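Enquirer: sequence first, predicted coordinates after that:
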Amino acid sequence: MKKTYFLTILLFTFLTALPNLSCSSDSEDSTTNEYDNFSISLTPARISATATTSKLQITTSRQWYITVSDADKSWVTFSSYQGVATSTVVLSIAPNHEKEPRTASISVSNGSDTKVVELIQEADNNEPPIGDLGWVELPKEENIKNTLFVSHKLPDNPSVRNYSLLYDTKERVAYWVAYPMHASYMGNSGRTDAWGYDPKIPQSQQAYLFSGIPGYDRGHQVPSADRTSSKNNNKTTFYFSNMTPQNKTLNQGLWSTLENKVRTWTSQCDTLYVVTGAMITSSTDQNITYAYDKEQNKIAVPKYYFKALLKRRGNNFTSVAFKMDNAAPKVNNYNEYRITVKQLEQETNFTFFPKVPDNVKNTIDENQWK
């Protein structure tokens with residue numbers, strides 16, 4: 001009797017447990033084999049060369065991650081690189097200034113699968129229309145450590161640009177100073193010798209040049225004689241940011257002769273665009289030499305100077321460049337230091353007159369630069 005009772009209880013317990021075991025099994029299979037309709041789409045997937053946005057649609061029920069190469073991250077950023085479930089991610093795309101299209105490969109993983117989509121950005125093949133080139137003299141923007149881009153207007157006519165410069169706050173030197181030249185910038189104000197700090201740069205980041213640079217001339221990048229339409233305008237050429245430690249023989253000799261010739265060429269065209277520069281390293285010498293001001297601040301001494309020039313007459317352009325070591329010249333003829341603008345770009349790694357076609361920068365018209 002007891003044995004029958006015990007078997008009855010055991011059978012009842014087993015039958016009662018069966019539904020629970022079955023439910024547990026069904027539930028586990030549902031979780032493991034749940035169908036995830038994982039997909040991604042990019043709209044638009046092909047974009048123009050200008051700065052723009054695109055949208056990445058991610059469809060999934062799981063956690064997802066976006067992966068792109070470090071190179072692609074330099075021009076594509078995402079509003080989010082990871083998330084859960086179906087989402088829309090906004091891509092911010094930088095402008096493409098190159099002459100070739102570029103492609104970013106975008107991978108999205110949800111843990112069990114990975115899908116890839118490509119973003120293609122068109123090349124910048126559109127030349128700006130002649131007559132609407134803006135500030136033609138400005139080199140292409142470069143991201144160089146410790147530099148400031150500074151632009152000055154004419155004090156006596158603030159609606160007119162004066163000159164712009166790329167200034168290294170650590171080395172206390174401008175890598176280039178760019179400015180337009182035509183008759184309205186020149187007059188009879190004469191030289192003011194109004195030495196002073198550039199009001200747009202902290203004084204602590206400029207050399208103290210009221211009493212010169214021991215062993216060197218205070219070499220102007222924008223010459224005083226290029227801004228003589230008024231005394232106030234001339235004073236801006238004596239900002240310390242416009243000065244570099246320049247070899248005395250070069251500054252007062254051949255370099256001065258070239259500056260005078262630039263003013264002659266100005267009278268032969270509508271506008272002459274000028275970029276004067278000072279490079280503190282060269283392709284053969286990466287060591288930086290320093291001079292010291294009277295307060296013992298270090299000032300980087302240029303290895304060489306350059307000028308990139310672009311003449312404009314109506315819709316016609318012609319260019320030339322010059323490069324001279326910061327030393328007494330071995331040959332006293334500036335034409336011996338003449339090169340194409342494209343050659344100067346290769347030497348300095350700057351892009352000059354970026355809105356002008358390359359064929360203009362690759363040649364020198366002898367008749368235009370006599």
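Expert: Everything's here; your move. Numbering: from 1, shown residues only.

Enquirer: my guess is Tyr334 meets Ala321, correct?
Expert: No: contact between Tyr334 and Ala321 fails when scored by CB atoms under 8 Å: they sit 11.3 Å apart. C-betas here are computed from N, CA, C, even on glycine.

Enquirer: when the two are compared, which one has more neighbours?
Expert: For Tyr334 and Ala321, the more surrounded residue by other CB atoms under 10 Å is Ala321, and the numbers stand at 25 against 17.

Enquirer: contacts for the helix or strand that contains that one, please.
Expert: Per DSSP states H and E: Ala321 is located in strand 316-325. Contacts to strand 316-325, defined as CB atoms under 8 Å, 6 or more residues apart in numbering, come from residues 250, 254-255, 258, 303-311, 334, 337-341, 343-344, 347, 352-353, 356, 360-361, 363-365, 368-369.

Enquirer: what residues does the residue most central in space within the chain make contact with?
Expert: Nearest to the geometric centre of the chain sits Glu142, at 2.5 Å (CA atoms, centre = their mean). Glu142 makes contact with Leu166, Asn349, Phe350, according to CB under 8 Å, 6+ apart.

Enquirer: for Tyr175, see how far away it is.
Expert: 9 Å (CB to CB, to the nearest Å).

Enquirer: which residues are in contact with each of these two?
Expert: In terms of CB under 8 Å, 6+ apart, Glu142 and Tyr175 are both contacted by the residues Leu166, Phe350.

Enquirer: follow-up on the earlier one: partners of the strand holding Ala321 in the sheet?
Expert: Strand pairing for strand 316-325, determined by DSSP bridges: strand 304-313 (antiparallel), strand 338-339 (antiparallel).

Enquirer: mind listing what's buried along that strand?
Expert: Buried residues in strand 316-325, counted by 16 or more other CB atoms under 10 Å: Phe317, Thr318, Ser319, Val320, Ala321, Phe322, Lys323, Met324.

Enquirer: what's across from the third one in the sheet?
Expert: In other words, Ser319. Bridge pairing for Ser319 - DSSP bridges - gives Leu310.

Enquirer: per-residue confidence at it?
Expert: According to the prediction, Ser319 has pLDDT 98.

Enquirer: do the last one as well
Expert: At Met324, the pLDDT value in this model is 98.

Enquirer: quick one on the thing from earlier: quick check: the residue nearest to the centre of the chain is in a helix.
Expert: No: Glu142: not assigned to a helix; according to DSSP: H, G, I helix; E, B strand; the rest coil it is coil.

Enquirer: measure it to Phe352 for me?
Expert: Relative to Phe352, and taking CB to CB, Glu142 is found at 12 Å.
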